[in-house]
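Asker: structural data only, the sequence is not supplied:
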């Protein structure tokens with residue numbers, strides 16, 4: 001898919017500097033991740049994981065192995081190098097919207113990546129397929145919409161899109177998901193849904 005190639009190429013180009021751009025304090029990240037309501041033993045998928053910024057934190061919350069996937073081979077290579085020897089996390093190059101998983105997940109987390117899912121209907125379908133009955137997805141961002149717009153001001157529209165309010169964006173999920181939270185503030189953006 002051509003759009004995905006644009007997105008992949010964009011993230012391939014910034015992968016070496018990705019960790020340098022992460023400036024959110026760990027406690028703020030953890031507070032956001034808690035919105036996913038991860039319980040001990042739940043199978044968690046970290047979608048668009050990049051270099052694994054939150055993957056190990058998710059494994060700590062679930063106390064079981066977490067899979068991180070990303071379109072960018074360079075991002076995954078960095079993640080694997082960073083966490084070599086860690087048995088609680090695994091990484092692979094994959095397009096979430098085109099992957100069939102062998103087993104259903106309890107929780108799918110998309111952190112700091114939602115604007116790069118240009119076709120929300122494809123994302124909704126992929127979440128439906130990846131989650132077990134009653135499973136949850138959490139779309140989380142550590143920036144406000146205003147900050148995101150500034151951050152992506154020079155990014156092509158084949159790579160990123162402007163977000164609507166969480167309430168508006170969550171309408172795309174209402175047919176097959178119950179929305180548990182749709183919130184935003186000066187420091188976050190969040191949609192959490194549960195598979196009906």
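Answerer: Nice, thanks for sending it over. Everything numeric in this text was worked out from a predicted model, so none of it was measured.

Asker: after the longest strand anywhere in the chain, which helix or strand is next?
Answerer: When the chain is parsed with DSSP state E, its longest strand is strand 131-141. Once the chain leaves strand 131-141, the next helix or strand it forms, by DSSP states H and E, is helix 145-151.

Asker: got a list of what residue 63 touches?
Answerer: Counting by C-beta atoms under 8 Å, 6 or more residues apart in numbering, residue 63 makes contact with 40-41. All C-beta atoms are positioned from the backbone trio N, CA, C, and that covers glycine.

Asker: what about it, distance to residue 92?
Answerer: According to C-beta to C-beta, to the nearest Å, residue 63 stands 21 Å off from residue 92.

Asker: try residue 40
Answerer: For residue 40, the distance to residue 92 (C-beta to C-beta) stands at 24 Å.

Asker: check residue 105 too.
Answerer: 14 Å.

Asker: repeat that for residue 17.
Answerer: 22 Å.

Asker: thinking again about what came up before, what is the mean pLDDT for the longest strand of the chain?
Answerer: Averaging pLDDT along strand 131-141 yields 98.

Asker: show me which residues of it are buried.
Answerer: Within strand 131-141, the residues that count as buried by 16 or more other C-beta atoms under 10 Å are 131, 135-141.

Asker: what does stretch 120-129 give?
Answerer: Buried, per 16+ other C-beta under 10 Å, within stretch 120-129: 120, 123-124, 126-128.

Asker: let's see which of those residues end up in helices.
Answerer: 120, 123-124, 126-128 (DSSP state H).

Asker: quick check, nearest of those to residue 23?
Answerer: The closest of those to residue 23 turns out to be residue 123 (C-beta to C-beta; 26.4 Å).

Asker: surely the closest one and residue 108 touch.
Answerer: No - counting by C-beta atoms under 8 Å, residue 123 does not reach residue 108; the two are 10.0 Å apart.

Asker: got any residues that touch both of the two?
Answerer: Shared contacts of residue 123 and residue 108, defined by C-beta under 8 Å, 6+ apart, are absent.

Asker: residue 100 against residue 129, yeah?
Answerer: Yes - judged on C-beta under 8 Å, residue 100 makes contact with residue 129 at a distance of 7.1 Å.

Asker: now the angle between helix 120-130 and the longest strand of the chain, please.
Answerer: With axes from the mean of the first three to the mean of the last three C-alpha atoms, to 10 degrees applied, the angle from strand 131-141 to helix 120-130 works out at 140 degrees.
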